[in-house]
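Chemist: what's the 3D shape of this:
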Amino acid sequence: MDVSMPVQTVVWRPGTLEEARSLKREYNEEARFIAGGTLMQMQREQGIPFPPYLISLEKMRELSDIEETVDGAVRIGALTDLETCRTHPLLKKRCPALQEAIGTISSPAVRNRGTIGGNILYGVGDVIPILLAMNARLSWFSEDGIRSESLSDYVTDSVMPLSGAILTDVTIPSQSEAHCFFRKIGRRETFIASVVTVAMQAMVSDQGFIQSIRLVAGGGVNTPRRLVKCEEWLSGKRLSDVQLTELSVMIKEESALIGDAFASAEYRRTVAAHLLVAELQSLQ
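Modeler: Alright, predicted model coming up:
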């Protein structure tokens, strides 16, 4: 019988990004970055032990700011807790659909600890669909300095960020007069992973032409993804000319949502198509 004691986890609390990256480089795979820690705590409850070393980013308060940039974008520090995002006046004014999405995530206690960066790095977090629809960008601190990429590239690329890279912020371009939509379907409204999650951002002219559109589908174990072929098919069309039945078939095919113990692939694809088509139809 194994009676060995579990190895105690050492927690480092560096004061700068450079110190944090240096620690990660030193301890490599034995160390993980931690912010709110809600995901790691959930994993431990499922039997996955903490790594030997944790590199806490909690001292880096500059990573928890929310501000408007000179070009009208909204920058959210990766360490900003979800509850602050949900109630922040700038996001209420500029990104209400993001606040709606955050309101569906777990309980207030979890939102007070969990961060927007952590929800993104989770891979299937409920903020990802609406951020994809809003064309958000991520910034990373790495060996090569600050690197920026679109969230869409991050979730679709098979290559992960460089080892030791730290997510510093999320930037949402000015939404102007765009129409944004988010909807989460779950076995309950909150506290659990979604069964189906969809999001949309659309710009429609006064004459009813679709000037630009981004459609996103995800849910459960599915990594949220943009439906680029559907977007290209819709772009430039007059809303009243869109064949909704054809669009529904295209969404089901391109979303390629897979099933699990809670919902079949067909159910997920059908619900995602219904929600997106119904929202587009409401803009006519």
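
Chemist: identify the bridge partners of Gly145.
Modeler: Ser142 (DSSP bridges).

Chemist: please determine how far it is located from Ala165.
Modeler: 11 Å (CB to CB, to the nearest Å). (Glycine included, C-beta is placed from N, CA and C.)

Chemist: compare those two (neighbour count), which wins?
Modeler: Ala165 (17 against 7; other CB atoms under 10 Å).

Chemist: for that one, which non-adjacent residue is closest in space?
Modeler: Setting aside the residues directly before and after it, Ala165 is nearest to Ser142 in space (CB to CB, 6 or more residues apart in numbering), at 4.0 Å.

Chemist: am I right that that neighbour is in contact with Glu149?
Modeler: No - at 11.2 Å, Ser142 does not count as touching Glu149 under the criterion of CB atoms under 8 Å.

Chemist: the more surrounded of these two?
Modeler: Between Ser142 and Glu149, Ser142 has the larger neighbour count (other CB under 10 Å), namely 16 against 13.

Chemist: and the more buried one, how far is that from Lys24?
Modeler: Taken as CB to CB, the span from Ser142 to Lys24 is 10 Å.

Chemist: and Ile213, what element?
Modeler: strand 210-219 (DSSP states H and E).

Chemist: against which helices or strands is that strand packed?
Modeler: helix 128-133, strand 196-204, strand 222-226, helix 228-234, helix 244-255, helix 265-282 (3 or more CB pairs under 8 Å, 6 or more residues apart in numbering; DSSP states H and E).

Chemist: name every strand pairing with it and say which way it goes.
Modeler: In its sheet, and by DSSP bridges, strand 210-219 pairs with strand 196-204 (antiparallel), strand 222-226 (antiparallel).

Chemist: mind listing what's buried in that strand?
Modeler: Within strand 210-219, the residues that count as buried by 16 or more other CB atoms under 10 Å are 210, 213-219.

Chemist: is it true that Gly117 touches Phe33?
Modeler: No - the criterion here is CB under 8 Å, and Gly117 misses it with Phe33 at 9.5 Å.

Chemist: circling back: quick one: the residue nearest to Ala165 from Val10, how far?
Modeler: Ser142 is 24 Å from Val10, by CB to CB.

Chemist: so which of the strands paired with strand 210-219 is nearest Pro49?
Modeler: strand 222-226 (25.5 Å; CB to CB).

Chemist: which of Gly117 and Phe33 has more neighbours?
Modeler: Neighbours per residue (other CB under 10 Å) separate Gly117 from Phe33, with Gly117 holding more: 27 against 21.

Chemist: which strands and helices sit next to the host helix or strand of that one?
Modeler: Assessed by DSSP H and E, Gly117 sits inside helix 116-121. Packed against helix 116-121 by the contact rule (3+ CB pairs under 8 Å, 6+ apart) you find helix 82-87, helix 128-133, strand 166-172.

Chemist: dump the ones you listed to a markdown table, plus mean pLDDT and distance to Ala73.
Modeler: Putting the helices and strands packed on helix 116-121 into a markdown table (pLDDT from 0 to 100; distance: least, CB to CB, whole Å) gives the following:
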| stretch | mean pLDDT | distance to Ala73 |
| --- | --- | --- |
| helix 82-87 | 96 | 15 |
| helix 128-133 | 97 | 13 |
| strand 166-172 | 96 | 5 |
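
Chemist: can you tell me which of these is most buried?
Modeler: helix 128-133 (a mean of 27; mean count of other CB atoms under 10 Å).

Chemist: all set, thanks.
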